[in-house]
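Peer 1: Make a model of this:
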Amino acid sequence: MIGIVGGGLSAAKLVEGYREAGGTDAITIWSQDPHGPYHRPPLSKRLLRGEAEPADALVHPAEWYDEQGVDLRTGQHVGSLDEFDSDTIVLATGARPRALEGALALRTLDDSLELRRRAGEARTAVVVGGGFIGLEVTASLTQLGVQVTQIVREPLVFAALQAPALSEALHERFREHGVDLRLDASDVPAGAGFVVAGVGVEPNVELGRDAGLEVRSGIVVNERFETSKPGVYAIGDVAEFFDPLFGRHRRIEHWSNAAYHGTTLGRILAGEDARYDVVSSFFSEQFGRSFKSFGDPLGHDTTALEGDFREERAVLRFLRGGKAVGAVTTGLDEDAENELKDEIRAGAASGL
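Peer 2: Residues are numbered from 1 along each chain as shown. Now for the predicted structure:
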């Protein structure tokens with residue numbers, strides 16, 4: 001039997017990948033969340049704005065798990081790996097939001113519905129944080145008619161992307177939509193209808209640490225998602241995985257990474273000779289405009305910008321030794337994105 005701890009996207013994708021590759025073992029999923037696996041991107045966008053309902057966010061309807069021979073156990077807590085009688089254990093325990101006193105968080109489907117309810121009752125809100133959750137929540141609340149004050153502790157939104165051209169375009173866009181954007185700020189103004197914190201997450205490594213697994217920024221795994229203990233794997237937000245393309249361990253907290261980890265490990269457990277082998281990517285959307293990030297800019301020595309992030313199309317390349325190792329883009333079609341990913345793959349390989 002395969003036992004999966006954690007009921008998020010990576011767990012559902014593992015089932016898909018395993019069954020599609022011919023895997024026949026029974027599978028049990030233990031999830032603390034009361035809902036079946038769901039997509040998180042809608043939580044800060046369409047679901048929060050009331051353009052979608054909870055069922056729309058589900059990866060699969062409940063009956064699909066029965067059809068796939070999966071025992072899906074929701075609302076259940078696992079305290080120790082010693083509780084398992086499984087040949088294979090997969091830790092897909094995800095992450096939890098960092099707390100800010102007096103503030104609401106957005107991580108679960110129920111969190112999104114609560115924010116939607118609050119937005120229907122309040123005229124004003126404060127959002128703390130200038131990353132994905134902070135900016136996407138601010139954009140959605142603004143579209144719902146809430147006057148938002150955004151507190152960003154850094155001088156730029158999305159500071160971690162190291163893409164000032166994108167950040168500055170977003171500053172203008174948010175202010176044009178009426179957001180009171182306060183950069184290099186820390187004080188949370190009083191009197192708002194509610195406060196939302198988007199100040200990062202902490203990976204749920206406790207099960208792995210208690211079991212004696214190697215833990216750094218997450219549970220350490222190789223490119224086949226194997227931990228330091230035979231028969232135990234880790235995927236998704238909780239995994240610090242080895243990326244052979246860039247020759248280093250990474251931990252990525254985005255939808256595309258969770259989906260890819262799950263699908264690939266499913267194929268591995270079914271007997272395929274697979275491993276992590278993809279140019280990583282993620283996306284964000286605010287006020288109807290989206291951008292995507294590809295590769296790994298760590299260690300780049302210069303950048304090259306094509307276009308303007310204020311307009312419909314732009315590409316910011318992160319270069320190392322004149323070769324692209326990462327990029328931030330907007331407005332590219334699928335063919336152009338694939339060409340860029342091929343360029344990044346070649347550039348990363350040249351640096352190893």
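Peer 1: how is the protein carved up into domains?
Peer 2: Split into domains by automatic domain parsing, the chain comes to 2-96+201-269, 109-197, 288-350.
Peer 1: and F282, which of those domains is closest to it?
Peer 2: Of all those, it is domain 2-96+201-269 that lies closest to F282, at 3.7 Å by Cβ to Cβ. Quick note: C-beta positions are derived from backbone N, CA and C, even for glycine.
Peer 1: how long is that closest one end to end?
Peer 2: 9 Å (Cα to Cα, to the nearest Å).
Peer 1: Over to stretch 299-315?
Peer 2: One end of stretch 299-315 to the other measures 19 Å (Cα to Cα).
Peer 1: Which residues does it contact?
Peer 2: 162-163, 165-166, 168-170, 172-173, 291, 316-321, 325-332, 340 (Cβ atoms under 8 Å, 6 or more residues apart in numbering).
Peer 1: ok, the nearest residue in space to G130 that is not next to it in sequence to E253 distance?
Peer 2: Sequence neighbours aside, V152 is the residue nearest to G130 in space, at 3.4 Å (criterion: Cβ to Cβ, 6 or more residues apart in numbering). According to Cβ to Cβ, to the nearest Å, V152 and E253 sit 19 Å apart.
Peer 1: Which one's more surrounded, the two?
Peer 2: Of the pair V152 and E253, V152 is the one with more neighbours under other Cβ atoms under 10 Å, namely 24 against 19.
Peer 1: and that one, what does it touch?
Peer 2: Contacts for V152 (Cβ under 8 Å, 6+ apart) come out as G129, G130, G134, L181, R182, L183, D184, A185.
Peer 1: A12: which element?
Peer 2: helix 9-20 (DSSP states H and E).
Peer 1: what's the following helix or strand after that helix?
Peer 2: Immediately after helix 9-20, counting by DSSP H and E, sits strand 27-30.
Peer 1: The stretch 101-250 of the chain: helices as residue ranges?
Peer 2: Taking DSSP state H, counting those that start in this stretch, the helices of the stretch 101-250 of the chain run over residues 109-121, 132-143, 164-176, 206-210.
Peer 1: List just the one of those that sits closest to G8.
Peer 2: Of all the helices of the stretch 101-250 of the chain, it is helix 109-121 that lies closest to G8, at 10.9 Å by Cβ to Cβ.
Peer 1: before we move on, the earlier item: which one of the contacts of V152 sits closest to R118?
Peer 2: Nearest to R118 among the contacts of V152: G134, at 15.9 Å, using Cβ to Cβ.
Peer 1: my guess is the closest one contacts V126, does it?
Peer 2: No - judged on Cβ atoms under 8 Å, G134 makes no contact with V126 at a distance of 10.6 Å.
Peer 1: what's the overlap in contacts for those two?
Peer 2: Q150, V196.
Peer 1: just checking, Q150 touches G131?
Peer 2: No - using Cβ under 8 Å, Q150 is not in contact with G131; the gap is 11.3 Å.
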